[in-house]
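Trainee: Predicted model follows, preceded by the sequence.
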Amino acid sequence: MADTPAVKTTMAKALNAALADALAADDRVVVFGEDVGQLGGVFRITDGLLARFGDRRCFDTPLAEAGIVGFAVGLAMSGLRPVVEMQFDAFAYPAFEQIASHVAKLRNRTRGRLSVPMVIRVPYAGGIGGVEHHCDSSEAYYAHTPGLKVVTPATVSDAYSLLRAAIDDDDPVVFLEPKKLYFSSAEAVLPARTEPIGRAVVRRAGRDATLIAYGPAVPVALEAAEAAREEGWDLGVVDCRSIVPFDDATVTAEVRRTGRAVVVTEAQGFAGVGAEIAARVQERCFHALHAPVLRVSGLDIPYPPPMLEHTHLPGVDRVLDTVARLQWDDQPDPRWLPRMEGAA
């Protein structure tokens, strides 16, 4: 693998390769959902799997999300490893009763006699000009449900590696795929095995403050850090990768080093995953902090029409305006006073 050259590929192709390799490696893996067979999925993530592995390993289902997940629970209890696709984030809500009542609880309910090794793939979040029911950031629902692991990749290599790890896991994993990153491309060596589930990664080291992000917000944080560098501010970026379990150690180590943190998420701010991250950092890093932990999030509204999406989603300017609010020795850094005055 060390001699394999890196090639430019997309997150969509990396996910497709991960599914194909998992199907080839383990006869227990089955892939199914709405339009994943003949069509290859709305975003073509399952393209070619039906032709290669046949309709007993990759097949279409009726438009009934609760039935899809309920069927997967039975298969998982019987020894298979189902990978199901919820066509869009908000389409998964009819299946939430199955997920919260059965998928997440069966191991505990049976005192460990039964496990549910299944993956629920959810294309989520915005940035594609979609409408209501097609662009929700629904991670908080799953993260608040004990018994589920919740992961979301932000890079091509992580997309492959985290999906393979999720399929191999003996417990249920909600795999959140940022739709706007499907066709982002990067040099990668596939198959890739990056950090495991439960491990965050420092994407960029910084000296002055730490931006904490996951999934679709990671590129925004990196772009903001680059823009800040041009203005003389050195910002680090931590990619959480795994929401549950959460890597407190990596995140808090970076925050303790810089003394300042901003959490960046696409989801609505109130009672979201970003709020939990901010609370955890505040509790664990209190004596190292030079300023309160701040958040940049989507607005607390239902997802807006496409023409207003850019206003709803956090962008570089909103991130930098929030960083400018961080206190430096009880006074704003003079480099950021014009930005603060402009925001006011």
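Mentor: Done, it's in.

Trainee: the helices in this protein, which residues?
Mentor: Per DSSP state H, the chain carries helices over the ranges 11-25, 49-53, 65-77, 96-98, 106-109, 139-143, 156-168, 217-230, 248-258, 273-285, 309-312, 316-323, 337-343.

Trainee: Redo those helices as JSON lines? Include mean neighbour count.
Mentor: For the C-beta atoms, the positions are set from N, CA and C on the backbone; glycine is no exception. Formatted as JSON lines, the helices of the chain follow (neighbours: other C-beta atoms under 10 Å):
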{"stretch": "helix 11-25", "mean neighbour count": "21"}
{"stretch": "helix 49-53", "mean neighbour count": "16"}
{"stretch": "helix 65-77", "mean neighbour count": "19"}
{"stretch": "helix 96-98", "mean neighbour count": "16"}
{"stretch": "helix 106-109", "mean neighbour count": "15"}
{"stretch": "helix 139-143", "mean neighbour count": "22"}
{"stretch": "helix 156-168", "mean neighbour count": "25"}
{"stretch": "helix 217-230", "mean neighbour count": "21"}
{"stretch": "helix 248-258", "mean neighbour count": "18"}
{"stretch": "helix 273-285", "mean neighbour count": "20"}
{"stretch": "helix 309-312", "mean neighbour count": "15"}
{"stretch": "helix 316-323", "mean neighbour count": "19"}
{"stretch": "helix 337-343", "mean neighbour count": "13"}
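
Trainee: So, low pLDDT: which residues of this structure?
Mentor: 1-3, 327-344 (pLDDT under 70).

Trainee: Could you pull up phi and psi at the residue nearest in space to the middle of the chain?
Mentor: For the chain, the residue nearest the mean C-alpha position is residue 152 (2.3 Å; C-alpha atoms, centre = their mean). For residue 152, the backbone dihedrals (degrees, to the nearest 10) come out as phi -150, psi 120.

Trainee: Contact partners for it?
Mentor: Residues near residue 152 by C-beta atoms under 8 Å, 6 or more residues apart in numbering: 124, 139, 175, 176, 177, 178, 214, 215, 241, 243.

Trainee: Distance of it relative to residue 122?
Mentor: 9 Å (C-beta to C-beta, to the nearest Å).

Trainee: what is in contact with these two at once?
Mentor: 175, 176, 177.

Trainee: Using CSV, lay out the residues you listed together with neighbour count.
Mentor: Output for the shared contacts of residue 152 and residue 122, formatted as CSV (neighbours: other C-beta under 10 Å):
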residue, neighbour count
175, 26
176, 26
177, 26
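
Trainee: need those in JSON lines with distance to residue 4, can you?
Mentor: Below are these laid out as JSON lines (distance: C-beta to C-beta, whole Å):
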{"residue": "175", "distance to residue 4": "25"}
{"residue": "176", "distance to residue 4": "28"}
{"residue": "177", "distance to residue 4": "25"}
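
Trainee: Among those residues, which one sits closest to residue 69?
Mentor: residue 175 (13.4 Å; C-beta to C-beta).

Trainee: Distance check, that closest one against residue 151.
Mentor: On the measure of C-beta to C-beta, residue 175 and residue 151 end up 6 Å apart.
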